[in-house]
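Enquirer: sequence-free structure coming up:
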């Protein structure tokens, strides 16, 4: 079994908790409170600004041309395609430019982006891309899980379609292949660190949705 298959099975309980989260169940049913989705898209726009930087740093550190191309393309997509999706939802859910500009990251958002930044700044390339992968792979699994059971019409259909799109699955496959390649050439210690990075990032994925569902803010 490949590194990615092994670590994917390792986080199976986390993945189940994500798929069972009320945020995603209510999103699929079209009943998710608009306030929770508004919280999510504002925080996701803040997250993507930092995630695109992590992808750009992965591109700069990649030892192969395929890695440099894939992660630089990913950084571009994070800025262009998903920002376009957010702008459409901003208009739909009443998020003005002033509201977006005045927003600050929640503890879950700041924790996730700071973790990726720390991987990029202080840890190995292998750990960095292992930490990057869950944002691709978890969202692809969520999209594929939600789409067949989504109510129609659904106010969140554009979001669902984005992450269930075959092109997004193909991008996930390419990043997964790069992580497997890196793991194959890594030491046992580095592979163990990659497992930790992947697991922690998957934990942050759950925390991000949970934070949005409860519209969490700083407690003090």
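Expert: Arrived safely. Just so we're clear, the structure is a prediction, and the values are computed from it rather than from any experiment. Numbering: from 1, shown residues only.
Enquirer: how about residue 91, secondary structure?
Expert: Judged by DSSP: H, G, I helix; E, B strand; the rest coil, the three-state class of residue 91 is helix.
Enquirer: and it, how far is that from residue 179?
Expert: 36 Å (C-beta to C-beta, to the nearest Å). C-beta: built from backbone N, CA, C; applies to glycine.
Enquirer: neighbour-wise, which of those two wins?
Expert: residue 179 (24 against 10; other C-beta atoms under 10 Å).
Enquirer: show me the residues around that one that make contact.
Expert: With contact set as C-beta atoms under 8 Å, 6 or more residues apart in numbering, residue 179 has these partners: 3-4, 129-130, 133, 194.
Enquirer: try it again with 10 Å
Expert: 2-4, 7, 67, 126, 129-133, 136-137, 194, 198 (C-beta atoms under 10 Å, 6 or more residues apart in numbering).
Enquirer: That one is in what secondary structure piece?
Expert: helix 166-184 (DSSP states H and E).
Enquirer: Please identify the next secondary structure element, helix or strand, after that helix.
Expert: helix 188-213.
Enquirer: The residue lying closest to residue 67 once chain neighbours are set aside: how many residues sit nearby?
Expert: With sequence-adjacent residues excluded and distances taken as C-beta to C-beta, 6 or more residues apart in numbering, residue 67 is closest to residue 178, at 5.3 Å. Using other C-beta under 10 Å, residue 178 has 21 other residues around it.
Enquirer: ditto for residue 63
Expert: By the criterion of other C-beta under 10 Å, residue 63 has 12 neighbours.
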